[in-house]
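Q: build me a model from this:
(chains A and B)
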Amino acid sequence: MNDYDPLIIDAFKWANLAVAGGVIWICMCRFSVMSHLTTRKIFRFWYVLVFVGALASGASPWLFGEHPGPGAVMLGVALLSLLLAGAPLWRNGVPADVHTRSADLDEPREHPDRRRSTA
Amino acid sequence: MPTPASAPHLDPFSVVVLFATSFGVTGDAASILGAYSVILLSAFGGAAWSASGMPDLTRLGIFLHILLMMGLALVGTIPLAELISHVTNVEIRWLLAPLAILIAARPDWVLRTLRRWFNKRAGLDDEPMTPTAKEKLP
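A: This is a model prediction of the structure:
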């Protein structure tokens, strides 16, 4: 990053902070839907990791003195778009595959022998 | 096996100090920045974990909960680490991250676990089990 113009370094820094802020906001929205009764632990853990990672990335110029480059910003944008793509699934609460409750069973299928006898 | 004198410390505190010094922050400022960066990030994770487990929290509630837990961890981690280090002879740098996570994650849960452990050690009866939220469910 030392070869870039200071203006470009600043632009990357603020863009990265904005993207990280978006990721943190989405995680907070998901946390407001989750609870220990309804959400599987592994999903809670993954969202906590994303949440902390977004803070570490967005605040890295101040926390670690490390300026983000184009790669960090692109990765952040990719993560943000991935989270946004899943937003409709979370609109009505915790999605089925994240929920602690087992999935609903299918309708009972008729046994082939029984079907033959009634035909 | 004896470790070489020049072997670098691998704890999070030393890594952050190394980062900070490589970007021009030196001396005492780097040590303070390193310690508080580790506490801040760990507390953020711990507070997020407890927030994700609490039902019926709004976004503002989650924000306030995280802020409160981080404040608690920032205030409480160093004194508690000093105390535990004094008792157990473990270096403070190894205690910062786990203590900050525990303080921010769920102080009531940590305290309850500790109380039960002390009661068991002392041979005292623990308080009767109160029904958990899971048991209250229909």
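
Q: same question for the longest helix that chain A contains, mean pLDDT?
A: If you go by DSSP state H, chain A has its longest helix at helix A:6-33. Predicted confidence along helix A:6-33 averages 92 (mean pLDDT).

Q: from the chain's centroid, how far away is it?
A: Here helix A:6-33 shows a centroid-to-chain-centroid distance of 13 Å under the convention C-alpha atoms, centre = their mean, to the nearest Å.

Q: in which helix or strand does the closest residue to residue A:24 other than its chain neighbours reside?
A: Using C-beta to C-beta, 6 or more residues apart in numbering or on different chains and skipping the chain neighbours, the partner closest in space to residue A:24 is residue A:54 (5.0 Å). Where you see a C-beta, it was placed from the backbone N, CA and C, and this is true even at glycine. Under the criterion of DSSP states H and E, residue A:54 resides in helix A:41-58.

Q: buried residues in the longest helix along chain B?
A: Counting residues, the longest helix found in chain B (DSSP H) is helix B:59-88. Applying a neighbour-count criterion of 16 or more other C-beta atoms under 10 Å in any protein chain shown, one finds B:62-63, B:65-66, B:69-70, B:72-74, B:76-78, B:80-81 buried in helix B:59-88.

Q: nearest to chain B: which residue in chain A?
A: Using C-beta to the nearest C-beta, the closest approach of chain A to chain B is made by residue A:65 at 3.0 Å.

Q: which SSE is that residue in?
A: When secondary structure is defined using DSSP H and E, no element contains residue A:65, which sits outside every helix and strand.

Q: and the angle for the helix or strand where residue B:109 lies with helix B:59-88?
A: Secondary-structure assignment from DSSP H and E places residue B:109 in helix B:107-122. For the pair helix B:107-122 and helix B:59-88, the angle between their directions (axes from the mean of the first three to the mean of the last three C-alpha atoms, to 10 degrees) equals 30 degrees.

Q: please name the nearest non-neighbouring residue to the residue nearest to the spatial centre of chain A.
A: Closest residue to the average C-alpha location of chain A: residue A:83 at 4.3 Å, with C-alpha atoms, centre = their mean. Beyond its immediate neighbours in the sequence, the residue positioned closest to residue A:83 (C-beta to C-beta, 6+ apart) is residue A:26, lying 4.6 Å away.
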